[in-house]
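>>> Fold the stuff below for me.
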Amino acid sequence: MSIRVGVIGAGIMGADHATTLRRFVRGADVTAVADVDLARAEAAAAGARAYTDADALIADPAVDAVVIASHDSVHAAQVVASVRAGKPVLCEKPLAPSLAEATDVLAQIGTAGETLLSLGFMRRFDPGYVALRQAIDDQTVGAPVLVHNVSRGVSSGPGATSESSVTGSAIHEFDVVPWLLRAAVVEVSWTAPRCSSQVQGLQDPQLITLRTADGVLSTVETFLNARYGYDIRCEIVGETGAISLTEPARTRTDAALRQGISYAADWRPRFADAYRLELQAWVDSVRDGAPTPLATGRDGLAASRVAEAVIASMRADGRTTKVAQ
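Below you'll find the predicted structure:
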């Protein structure tokens, strides 16, 4: 039995999901794609149905389950509509742009509706992060005391703000840090160096600290306009050693008296395996009627609580801020 999937959003992420589902995920058929730009929807649909109306896709009887990869501002409404239609839904992060909206989503869909909702925090499926979590569980470097995270990109998207850097980028760390440590984030602080001269309209880079309930302190550097390439780092410092991600470069170049690797221009090559594994796990769980193995709506709400606390710290000159529990 194949799960007939409809994809909402045919931008970079939605088109990539449609391609991954079509080419690399067993038991999935992409039967519809929706986007406000019909030509873009048709291109991503590759012969399947194309819509400009997300609600029409959700209502389509040829769609069994929905992937939401649209603009953050419409995630909440589309999640609620999908769940009310009785369709399992995988929503890209964040669940909603604000904590109030995320809270309202869960209130509207109720406990029963939450069983249909999965969140796209794909780092939980990245082989490197999975290995880090297993090393923590195995006490390979002793009990963790510090976690250092770095998230750098080539350039920010249109309309990026200091706040959207938190809710749209750093939110990945707000999910993966408590997932790695199996401990909730309880307090945060925000600070920043001088702003890069390469960007206007937002503070970039930013430095965020997270303290989890186990006492571990984590740093999160977010630098959307680092220019040189897409670069993700994570190091766990334990009582007896340290363990970190390595850049999964496929090739090494020896030329012009130099040796080196190349960086990806965006997140897709770096996390291609994670997205494929995440989508396969989601499709399998939908087919089997099993609980989601992905992040849940409650996990998304927890990440939104951390993001709200970070933005509160940003607006209070970096004051240490408790995370609502």
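
>>> only C-alpha atoms for contact and neighbour calcs from this point on.
Noted.

>>> can you tell me which residues contact residue 89?
65-68, 79, 82-83, 116-118 (Cα atoms under 8 Å, 6 or more residues apart in numbering).

>>> The nearest residue to residue 51 once chain neighbours are set aside and residue 280, how far apart?
Nearest residue to residue 51 in three dimensions, chain neighbours excluded: residue 34, at 4.4 Å (Cα to Cα, 6 or more residues apart in numbering). As defined by Cα to Cα, to the nearest Å, residue 34 lies at a distance of 21 Å from residue 280.

>>> same question, residue 226
Distance from residue 226 to residue 280, counting by Cα to Cα: 32 Å.

>>> Where do the helices of the stretch 1-150 of the chain begin and end?
Ranges of helices in the stretch 1-150 of the chain, per DSSP state H, counting those that start in this stretch, are 12-24, 38-45, 54-59, 75-84, 99-114, 127-137.

>>> out of residue 34 and residue 280, which sits in the more crowded spot?
residue 34 (30 against 19; other Cα atoms under 10 Å).

>>> so the more buried one makes contact with residue 5?
No: in this structure residue 34 lies outside contact range of residue 5 using Cα atoms under 8 Å: 11.5 Å.

>>> picking up where we left off before, out of the contacts of residue 89, name the two that are farthest from one another.
Farthest-apart pair in the contacts of residue 89 is 68 and 116; separation 13.1 Å (Cα to Cα).

>>> quick one: which of those two has more around it?
residue 68 (30 against 25).

>>> pretty sure that one is touching residue 78, no?
Yes: the pair residue 68 / residue 78 is scored as a contact, 7.4 Å apart, by Cα under 8 Å.

>>> on that earlier part again, out of the contacts of residue 89, which are inside strands?
Mapping the contacts of residue 89 onto strands (DSSP state E) picks out 65-68, 117-118.

>>> what is the residue nearest to residue 51 paired to in the beta sheet?
Using DSSP bridges, the bridge partners assigned to residue 34 are residue 8, residue 51.

>>> Please report how far it lies from residue 162.
Counting by Cα to Cα, the gap from residue 34 to residue 162 is 29 Å.

>>> and the residue nearest to residue 109 when sequence neighbours are not counted, how many neighbours?
Beyond its immediate neighbours in the sequence, the residue positioned closest to residue 109 (Cα to Cα, 6+ apart) is residue 80, lying 6.2 Å away. The number of residues packed near residue 80 is 20, by other Cα under 10 Å.

>>> now residue 192
If you count neighbours by other Cα under 10 Å, residue 192 ends up with 16.

>>> That one: what's its closest spatial neighbour, skipping adjacent residues?
Leaving aside its chain neighbours, residue 192 sits nearest to residue 206 (4.7 Å; criterion: Cα to Cα, 6+ apart).

>>> Residue 190 is in contact with the one you found, correct?
Yes: taking contacts as Cα under 8 Å, residue 206 lies within contact range of residue 190: 7.4 Å.

>>> Would you agree residue 237 falls within a helix?
No: under DSSP: H, G, I helix; E, B strand; the rest coil, residue 237 sits outside any helix and is assigned strand.

>>> mind listing what the residue nearest to it when sequence neighbours are not counted touches?
Spatial nearest neighbour of residue 237, chain neighbours left out: residue 146 (5.0 Å); criterion: Cα to Cα, 6+ apart. Going by Cα under 8 Å, 6+ apart, residue 146 touches 216-218, 236-238.

>>> what sits opposite residue 146 in the beta ladder?
Using DSSP bridges, the bridge partners assigned to residue 146 are residue 217, residue 237.

>>> Pull out the buried positions in stretch 95-112.
For stretch 95-112, a neighbour-count test (16 or more other Cα atoms under 10 Å) marks 95-99, 101-103, 105-106, 109 as buried.

>>> Out of the residues you listed, the closest to residue 294 would be?
Lowest distance from residue 294 to the buried residues of stretch 95-112 (Cα to Cα) belongs to residue 95, with 13.3 Å.

>>> wouldn't that closest one be in contact with residue 102 here?
Yes: at 5.9 Å, residue 95 and residue 102 qualify as touching, with contact defined as Cα under 8 Å.

>>> overlap in contacts of those two?
76, 300-301.

>>> check contacts around the residue nearest the centre of the chain.
Central residue of the chain (Cα atoms, centre = their mean): residue 121, 3.8 Å from the mean position. Going by Cα under 8 Å, 6+ apart, residue 121 touches 92-93, 172, 175-176, 294-295.

>>> same check, this time on residue 206
By Cα under 8 Å, 6+ apart, the contact list for residue 206 reads 190-193, 221-223.

>>> which one of the residues you listed sits closest to residue 134?
Of all the contacts of residue 206, the one with the least separation from residue 134 (Cα to Cα) is residue 221, at 23.6 Å.

>>> Any idea how many residues pack against residue 48?
Residue crowding around residue 48 was assessed by other Cα under 10 Å; the count is 16.

>>> And it, how close does it get to residue 18?
In terms of Cα to Cα, residue 48 sits 11 Å off from residue 18.

>>> quick one: common contacting residues for those two?
Joint contacts of residue 48 and residue 18 (Cα under 8 Å, 6+ apart) are residue 30.
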